[in-house]
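Enquirer: Prediction below, plus the sequence it came from.
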Amino acid sequence: MLSNLNKYNIILASNSPRRRELLKDLDIDFTVKVLHGIDESYPPETPTPLIAERIASAKADAYRSLIIGNELIITADTIVVLGDLVLGKPHDKDEARHMLRALSGNTHQVITGVSVTTAQRQETFSAITHVVFAPLDDDEIDHYVENYLPLDKAGAYGIQEWIGCMGISHIDGSFYNVMGLPLHRLYQVLKTF
């Protein structure tokens, strides 16, 4: 499938092991290239649904001048939004606990922005998934924080891990989006390249 991509050297510009795993599930051959020091800030007036798109596009722009020949670059960014609060990756275990307490018993949004970029073209889009957490007690939160890796995940959790299995009661939208890459939408965009 996606034989139209045979003309490209596909590069996933991400440190995320989950994004690597997910892109492999689309049966696409790719390599990983990561630039460090990309500015992921955004103006405070940026509408929340556009923040992840803006960051994914900024990442793509950082790579654009480095594109050689027939390279196709995939960049992405995921944020967790609770009300008006944007939750990124926690800086330490205490912040992870605080984030998980805030998410407990509430519905939040996971928004992933993706840019697909070649020397001639760039397509940027985002996907939104609504996630409902059951109430979590402090022992459950502590178990997750101490036994898993909440510090490398927006919102301090991975849906595919223990806390997702026991704590998420419902989602509306793409499961893969919550993991960090909305595969169905990405596949549809890649078909157009």
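Expert: Good, I have the coordinates.
Enquirer: What lies in contact with whichever helix in the chain runs longest?
Expert: When the chain is parsed with DSSP state H, its longest helix is helix 48-64. Here helix 48-64 makes contact (CB atoms under 8 Å, 6 or more residues apart in numbering) with 11, 13, 33, 35, 38-40, 42, 46, 73, 75-79, 81, 84, 86, 111-115, 117, 119, 122, 124-126, 128. Any C-beta I mention is one placed from the backbone N, CA and C, and that applies to glycine too.
Enquirer: Okay, now the sheet partners of the following helix or strand past it, with direction.
Expert: Downstream of helix 48-64, the first helix or strand assigned by DSSP states H and E is strand 71-82. Strands that pair with strand 71-82, judged by DSSP bridges, come out as strand 9-12 (parallel), strand 85-87 (antiparallel), strand 107-117 (antiparallel).
Enquirer: And strand 71-82, how far out from the chain middle?
Expert: Distance, stretch centre to chain centre, for strand 71-82: 5 Å (CA atoms, centre = their mean, to the nearest Å).
Enquirer: Tabulate the CA atom coordinates of that strand in PDB.
Expert: Coordinates of each C-alpha in strand 71-82 appear next as PDB, following Å, rounded to 0.1, in the frame of the first residue of the first chain:
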ATOM      1  CA  GLU A  71      12.900  13.400   1.200                       C
ATOM      2  CA  LEU A  72       9.500  13.500   2.900                       C
ATOM      3  CA  ILE A  73       9.500  14.700   6.500                       C
ATOM      4  CA  ILE A  74       6.800  13.800   9.100                       C
ATOM      5  CA  THR A  75       6.700  16.000  12.200                       C
ATOM      6  CA  ALA A  76       4.200  15.900  15.000                       C
ATOM      7  CA  ASP A  77       3.300  17.400  18.400                       C
ATOM      8  CA  THR A  78       0.800  16.300  21.000                       C
ATOM      9  CA  ILE A  79      -0.800  18.400  23.700                       C
ATOM     10  CA  VAL A  80      -3.400  17.600  26.400                       C
ATOM     11  CA  VAL A  81      -6.000  20.200  27.100                       C
ATOM     12  CA  LEU A  82      -8.100  20.300  30.300                       C
END
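Enquirer: Make 28 the starting number, not 1.
Expert: Done: numbering now begins at 28, and the last item shifts to strand 98-109.
Enquirer: residues contacting residue 131?
Expert: Contacts of residue 131 (CB under 8 Å, 6+ apart): 160-163, 168, 194.
Enquirer: Next one: it from residue 124, what distance?
Expert: 10 Å (CB to CB, to the nearest Å).
Enquirer: I'd say residue 167 and residue 192 touch.
Expert: No: assessed by CB atoms under 8 Å, residue 167 is found out of contact with residue 192, at 11.6 Å.
Enquirer: And the two? Which one has more around it.
Expert: Comparing residue 167 with residue 192 by neighbour count (other CB atoms under 10 Å), the higher total belongs to residue 167, at 17 against 9.
Enquirer: pretty sure that one is in a strand, no?
Expert: No: secondary structure of residue 167 (DSSP: H, G, I helix; E, B strand; the rest coil): helix, not part of a strand.
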